[in-house]
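K.L.:
Here's a sequence, model it:
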Amino acid sequence: MSAIRMLFLMLAATVLIGIWLTGFHTVHWLLYVPVVALTFAGITGICPGYLLLQKLGFKGQGNRV
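P.N.:
As a prediction, the model looks like this:
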């Protein structure tokens, strides 16, 4: 496992612990989106946020000019 994938999983776990400490019934549903996206990125190696930003026209790592 690469360091970036482990970072994604640790960040998702940190946010999830924050949601748990606040109370699952108290937090807004939007706070679950980064947890799901970071967990997905950590497991598969595909970052949904990175892909979304590329689709919006931002340059990625391989597109340096």
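
K.L.:
Centre of the chain to the lowest-mean-pLDDT helix or strand in the chain, how far?
P.N.:
The helix or strand of the chain with the poorest confidence is helix 48-55; it has a mean of 90 (mean pLDDT, DSSP states H and E). Put simply, helix 48-55 sits 11 Å off its chain's centre (Cα atoms, centre = their mean, to the nearest Å).

K.L.:
quick one: buried residues of that helix?
P.N.:
Residues of helix 48-55 classed as buried by neighbour count (16 or more other Cβ atoms under 10 Å): none. Glycine gets a C-beta too; all of them are placed from N, C-alpha and C.

K.L.:
quick one: which helix or strand includes the residue nearest to residue 48 when sequence neighbours are not counted?
P.N.:
Of all residues not flanking residue 48 in the chain, residue 37 sits nearest, at 4.8 Å (Cβ to Cβ, 6 or more residues apart in numbering). Secondary structure assigned from DSSP states H and E places residue 37 in helix 32-44.

K.L.:
what's that helix packed up against?
P.N.:
Taking 3 or more Cβ pairs under 8 Å, 6 or more residues apart in numbering; DSSP states H and E as the contact definition, the neighbouring helices and strands of helix 32-44 are helix 3-22, helix 48-55.
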